[in-house]
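In: here is the input, now give the coordinates:
(one chain, ligands or ions: 1)
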Amino acid sequence: MIEMRAQCVLCDQIDKIDSVSLLAKQLRKKRKISYLCEECSERITAKTIERKQSPHFKTYQTDEYDEYLR
Ligand SMILES: [Zn+2]
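Out: Numbering: from 1, shown residues only. You can find the predicted model right below:
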């Protein structure tokens, strides 16, 4: 298995993910998608729905994020 790294946009934890997984393919193709570790994604699932209805909703699409995918 070839691993690649993905950094969680919330807690900065770096996870190793299987490079042939669907997630890894998405990260390579669309670098704009944000990676969340399991812990954070569970934590924010409910809040995300609320935020999307708010005018202050902001997605995590920064240039910095790309550095971890090189
Ligand atoms: Zn996290």
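In: anything in stretch 26-45 near the ion?
Out: Yes - Stretch 26-45 reaches the ion (CB under 5 Å from the ion) through 37, 40. (Each C-beta comes from the backbone N, C-alpha and C, glycine too.)
In: what helices or strands is the helix or strand where Ile44 lies leaning on?
Out: Following DSSP states H and E, one finds Ile44 within helix 38-52. The helices and strands touching helix 38-52, judged by 3 or more CB pairs under 8 Å, 6 or more residues apart in numbering; DSSP states H and E, number zero.
In: what is the mean pLDDT for it?
Out: Averaged over helix 38-52, pLDDT sits at 80.
In: next: stretch 6-22.
Out: 93.
In: now do that stretch: distance from first to last residue.
Out: Start and end residues of stretch 6-22 are separated by 13 Å (CA to CA, to the nearest Å).
In: if we can go back for a sec, which other residues reach the helix holding Ile44?
Out: 8, 10-11, 13, 36, 57 (CB atoms under 8 Å, 6 or more residues apart in numbering).
In: kindly format the C-alpha coordinates of it as PDB.
Out: In PDB, the C-alpha atoms belonging to helix 38-52 read as follows (Å, rounded to 0.1, in the frame of the first residue of the first chain):
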ATOM      1  CA  GLU A  38     -12.500  11.300  11.500                       C
ATOM      2  CA  GLU A  39     -12.700  13.000  14.900                       C
ATOM      3  CA  CYS A  40     -13.300  16.400  13.500                       C
ATOM      4  CA  SER A  41     -15.700  15.300  10.800                       C
ATOM      5  CA  GLU A  42     -17.900  13.600  13.400                       C
ATOM      6  CA  ARG A  43     -17.700  16.700  15.600                       C
ATOM      7  CA  ILE A  44     -18.800  19.100  12.900                       C
ATOM      8  CA  THR A  45     -21.300  17.100  11.000                       C
ATOM      9  CA  ALA A  46     -24.200  18.700  12.800                       C
ATOM     10  CA  LYS A  47     -22.700  22.200  12.800                       C
ATOM     11  CA  THR A  48     -22.000  22.100   9.100                       C
ATOM     12  CA  ILE A  49     -25.700  22.000   8.300                       C
ATOM     13  CA  GLU A  50     -26.300  25.100  10.500                       C
ATOM     14  CA  ARG A  51     -23.300  26.900   9.000                       C
ATOM     15  CA  LYS A  52     -24.500  26.400   5.400                       C
END
